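In: need a 3D model of the sequence below.
(4 chains)
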There are 2 protein chains.
Amino acid sequence: MTRRTRIKDIAERLGLSPATVSRALAESPLVAKETRDRVREVADELHYRPNVSARNLRTKRSMAVLMVVRDVVNPFYLEILKGVEATARAAGYAVLMGNAENDPDREDEYFDMLYDGHADGMILMTGKWPRRHRNAVEAGGLPVVVALEMIEGSRLPHLQIDNEGAAAEAVRHLIEIGHTRIAHVTGPLPEVMSVKRMAGYIRAMKEAGLTLPDDYVVKGNFSLHSGMAAARFLMALEEPPTALFAANDEMALGAIHEMRALGFDVPGDISVVGFDNLFLSDVFYPPLTTVAQPRAEIGRRAMTLLLDILAGGPPPAEPVIVPTSLKIRGTTAPLKTRTDQKQGV
Amino acid sequence: MTRRTRIKDIAERLGLSPATVSRALAESPLVAKETRDRVREVADELHYRPNVSARNLRTKRSMAVLMVVRDVVNPFYLEILKGVEATARAAGYAVLMGNAENDPDREDEYFDMLYDGHADGMILMTGKWPRRHRNAVEAGGLPVVVALEMIEGSRLPHLQIDNEGAAAEAVRHLIEIGHTRIAHVTGPLPEVMSVKRMAGYIRAMKEAGLTLPDDYVVKGNFSLHSGMAAARFLMALEEPPTALFAANDEMALGAIHEMRALGFDVPGDISVVGFDNLFLSDVFYPPLTTVAQPRAEIGRRAMTLLLDILAGGPPPAEPVIVPTSLKIRGTTAPLKTRTDQKQGV
DNA sequence: ATGAAAGCGCTAACAT
DNA sequence: ATGTTAGCGCTTTCAT
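Out: A predicted model of the protein is given here:
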């Protein structure tokens, strides 16, 4: 790699000052049209690319944003990332990936990156309070948008789905097709997202006047494994449920897998609803009934929100809610009556 | 946000020069232990964080690497990203995500980022030649590692799996359990990865002395849809195959889905092998037999290779090959003989 | 419409 | 062991 072309090189070549070249490259109307064209031409010829460090140092901006997730390995974030990336690119921003791995210290490191100029803003999708930067988060005013998750009590702008409402809708679907013995596998408690989804389940059950045996609410942690364990527990009950609402798809799939291993048919013996609409959840057998979140849109809107804030706009006082939709597919079926073993399959 | 603490602030506070503070913070042995401690203390107290732009400008490094993939939405890259990220972090590097979307122009943009100081190095997983930077790639010597894919004819260091060998192994498994009418859905041709996997299929078939009807090699493009189309085509043949090797899991799952819709049982009527060991491919029904790549390790090793190169080490002249393993699960079963309808299910 | 000069915050070569 | 000086490449007053 030969030495890089600098503004100075272009300036010397044209007998101009670096200042004029800088202005010309920025399309400043202060520079004569003719000069601008000559500068552009020489810049192209020399393959000029501005040095980002120098520019960033001078402008005190990095033109990069940080997207921090709970765990990069979760495919759930991919479409969100795509939405963020597309919107960021269009505005000239690069996207840095942060993997918090549920570690508050890592969280802090990413806030550090905001301070040290690595990034101008952050899209936080972890729902965790950082430790060292707690006060800053509490106070708000940081160029940070919280998406999907919630940091309760913080003044940061939030972009969310209506977890409780979506969960209630999923459970209502089960009720509508005749189920009354409906169980729930929760996400990790007491995290807000899990609590809300559980609250939606409880609300829908209560509103329908259904009873909620203690045994029917099983603690999970969003992992495949916890879905399997929940299935084992539930199907061994004296009165096993005829339907299950899982707080995410991974647990739903784990549960279905285990139920099948136990000799139960889905949806013949038990209906299952998930939450997330995971990649390929529609080609599972049977295709999974689940709550879909508009992931790409969430990404786009979170980034748009962040861009507004970076441009000096006021952060929204109220959380922005994006709508979800229930995808009714093959893992839910009307309840079989005792006398009619074949109905609804 | 109040004004940032600079080295100068710490220096003034301690009556030292900025240079000494800079050295102290870098743990230079030139600075007295006692001074170092005092500097550290004041730095912590003032929450000092070095300004990365200034440092990068001075050191001509960004301490960031770029990971460029074909399409961020493919979950396949996630574990690789995790491996890259972990290794990068440990070495003090941040990871920038690049999404090439099969567009050579985007590819060029990411090479630009190498030149303009956005990143010090790049892990390329697209297998595409860039346009403008073609010559640079041809010449080699760039801080770029190509992983998973190949840029044929370039002198860039490569980290790969043995696509041909792995494909042959998968097909041999089908042959060993009695199949002779084995079809193949290819990836997008003429991309090297797809060509190699097809070559492995052909080699295994030839070595076993099996015939290869033209109809048995169907062109796909790695999408779910092309897997479905291939299944429709193959199962409508006069002599449909009894086994299918798909060049990736997504096509395998699409094919299985379609076969089931067509009334065929997998693996009862037809066995299917995929390639990639996608997330959750083991909880599909039936669990997918597939070729597993050590994704996290690929990420770690690619990043380690890049770190070596960034440290001035010589790039490996030969491609580095990481081993794959065949996961035999539920979508493959011994061939049913005509007289024994029940065997092997 | 253009130029001269200053300075962003840091590190490294060269003193002492 | 510490200080002085210079400069990375850029943008932005302030002059003309």
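
In: tell me the helix or strand right after the helix or strand encompassing A:Thr304.
Out: Secondary structure assignment for A:Thr304, by DSSP states H and E: helix A:295-310. Downstream of helix A:295-310, the next assigned helix or strand under DSSP H and E is strand A:320-322.

In: chain center to that next one: distance?
Out: 13 Å (Cα atoms, centre = their mean, to the nearest Å).

In: what's the neighbour count on A:His47?
Out: Using other Cβ atoms under 10 Å in any protein chain shown, the number of residues around A:His47 comes to 11. (Each C-beta comes from the backbone N, C-alpha and C, glycine too.)

In: err, A:Trp129, not the other one
Out: So A:Trp129, with other Cβ under 10 Å, has 15 neighbours.

In: what's near enough to touch it?
Out: Contacts for A:Trp129 were tallied using Cβ atoms under 8 Å, 6 or more residues apart in numbering or on different chains; they are A:104, A:107, A:137, A:151, A:154.

In: try 7 Å this time
Out: Residues in contact with A:Trp129 (Cβ atoms under 7 Å, 6 or more residues apart in numbering or on different chains) are A:137, A:151.

In: can you tell me the closest non-neighbouring residue to A:Cys164?
Out: Careful, residue A:164 is Glu; it's not Cys. A:Gly200 (4.1 Å; Cβ to Cβ, 6 or more residues apart in numbering or on different chains).

In: now A:Arg172
Out: A:Arg172 sits nearest to A:Ala204 (Cβ to Cβ, 6+ apart), 5.0 Å away.

In: which SS state does that neighbour fall under?
Out: The local conformation at A:Ala204, judged by DSSP: H, G, I helix; E, B strand; the rest coil, is helix.

In: pLDDT score for it?
Out: pLDDT, A:Ala204: 98.

In: is it true that A:Val146 touches A:Leu124?
Out: Yes: A:Val146 lies in contact with A:Leu124 (Cβ atoms under 7 Å); the separation is 4.9 Å.

In: quick one: which of the two has more around it?
Out: A count of neighbours by other Cβ under 10 Å puts A:Leu124 above the other of A:Val146 and A:Leu124, at 29 against 23.

In: gap between that one and DNA strand C?
Out: When distance is defined by Cβ to the nearest atom of the strand, to the nearest Å, A:Leu124 is 25 Å away from DNA strand C.

In: what of A:Met150?
Out: 34 Å.

In: so how far is the lowest-mean-pLDDT helix or strand in chain A off the chain centroid?
Out: Here the helix or strand of chain A ranked lowest by mean pLDDT, DSSP states H and E is helix A:134-139, holding a mean of 88. Centroid displacement of helix A:134-139 relative to its chain, using Cα atoms, centre = their mean, is 22 Å.

In: do it and chain B meet?
Out: No: counting by Cβ under 7 Å from any Cβ of the partner chain, chain B is not contacted by helix A:134-139; separation bottoms out at 8.1 Å.

In: now that helix - C-alpha only, CSV.
Out: Only the C-alpha atoms of helix A:134-139 are listed here, as CSV (Å, rounded to 0.1, in the frame of the first residue of the first chain):
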residue,chain,number,x,y,z
ARG,A,134,-26.2,3.9,36.1
ASN,A,135,-26.5,7.5,36.9
ALA,A,136,-26.1,8.6,33.4
VAL,A,137,-28.8,6.2,32.2
GLU,A,138,-31.1,7.3,35.0
ALA,A,139,-30.7,10.9,34.1
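
In: quick one: contacts of that helix?
Out: With contact meaning Cβ under 7 Å, 6+ apart, helix A:134-139 is reached by A:129-130, A:142, A:151, A:154-156.

In: report the buried residues of it.
Out: For helix A:134-139, a neighbour-count test (16 or more other Cβ atoms under 10 Å in any protein chain shown) marks A:136-137 as buried.

In: quick check: the gap between A:Gly165 and A:Leu280.
Out: Distance of A:Gly165 to A:Leu280, computed by Cβ to Cβ, to the nearest Å: 26 Å.

In: who has more neighbours, the two?
Out: The residue with more neighbours, out of A:Gly165 and A:Leu280, is A:Leu280; 22 against 18, by other Cβ under 10 Å.

In: right, and the more buried one touches B:Leu253 too?
Out: Yes: between A:Leu280 and B:Leu253 there is a contact under Cβ under 7 Å: 6.4 Å.

In: and the two most separated of the contacts of helix A:134-139?
Out: Of all pairs drawn from the contacts of helix A:134-139, the greatest distance, 14.4 Å, lies between A:Pro130 and A:Arg155 (Cβ to Cβ).

In: all helices of the stretch 201-345 of chain A, in order?
Out: Listed in chain order, the helices of the stretch 201-345 of chain A (DSSP state H, counting those that start in this stretch) span A:224-235, A:249-261, A:295-310.

In: mind giving me TSV with these and columns for distance to B:Ser226?
Out: Converted to TSV, those look like this (distance: least, Cβ to Cβ, whole Å):
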stretch	distance to B:Ser226
helix A:224-235	28
helix A:249-261	24
helix A:295-310	22
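
In: and of those, who's closest to DNA strand C?
Out: Shortest distance between DNA strand C and these, using Cβ to the nearest atom of the strand, is found for helix A:295-310: 18.7 Å.

In: which of the residues in that closest one are buried?
Out: Residues of helix A:295-310 classed as buried: A:295-296, A:298-307, A:309-310 (neighbour count, 16+ other Cβ under 10 Å).

In: now do that helix: distance to the chain's middle.
Out: 11 Å.

In: show me what it is packed up against.
Out: helix A:76-90, strand A:121-125, strand A:144-147, strand A:158-161, strand A:320-322 (3 or more Cβ pairs under 7 Å, 6 or more residues apart in numbering or on different chains; DSSP states H and E).

In: A:Ser62 is nearest to which of those?
Out: Judged by Cβ to Cβ, the one of the helices and strands packed on helix A:295-310 that comes nearest to A:Ser62 is strand A:121-125, at 9.4 Å.

In: now the angle between helix A:76-90 and the closest one, please.
Out: Angle between the axes of strand A:121-125 and helix A:76-90 is 160 degrees (criterion: axes from the mean of the first three to the mean of the last three Cα atoms, to 10 degrees).

In: helices and strands around strand A:121-125, which ones?
Out: Against strand A:121-125 (3+ Cβ pairs under 7 Å, 6+ apart) you get strand A:64-69, strand A:144-147, helix A:295-310.

In: got the contact list for the last one?
Out: Think helix A:295-310. With Cβ under 7 Å, 6+ apart, helix A:295-310 has contacts from A:65, A:79-84, A:86-88, A:91, A:120-121, A:123, A:143, A:145, A:147-148, A:157, A:159, A:315, A:320, A:322.

In: please spell out the ChimeraX selection for the buried subset of the residues you listed.
Out: Buried members of the contacts of helix A:295-310, defined by 16+ other Cβ under 10 Å, are picked up in ChimeraX with:
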select /A:65,79,80,81,82,83,84,86,87,88,120,121,123,143,145,147,148,157,159,315,320,322
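
In: kindly report the residues of the stretch 51-200 of chain A close to DNA strand C.
Out: A:54, A:57-58, A:60 (Cβ under 7 Å from any atom of the strand).

In: inside helices: which ones of those residues?
Out: A:54, A:57-58 (DSSP state H).

In: just put those in CSV and tack on distance to DNA strand D and pLDDT.
Out: Shown next, in CSV, are those (distance: Cβ to the nearest atom of the strand, whole Å; pLDDT from 0 to 100):
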residue, distance to DNA strand D, pLDDT
A:Ala54, 3, 95
A:Leu57, 4, 94
A:Arg58, 4, 94
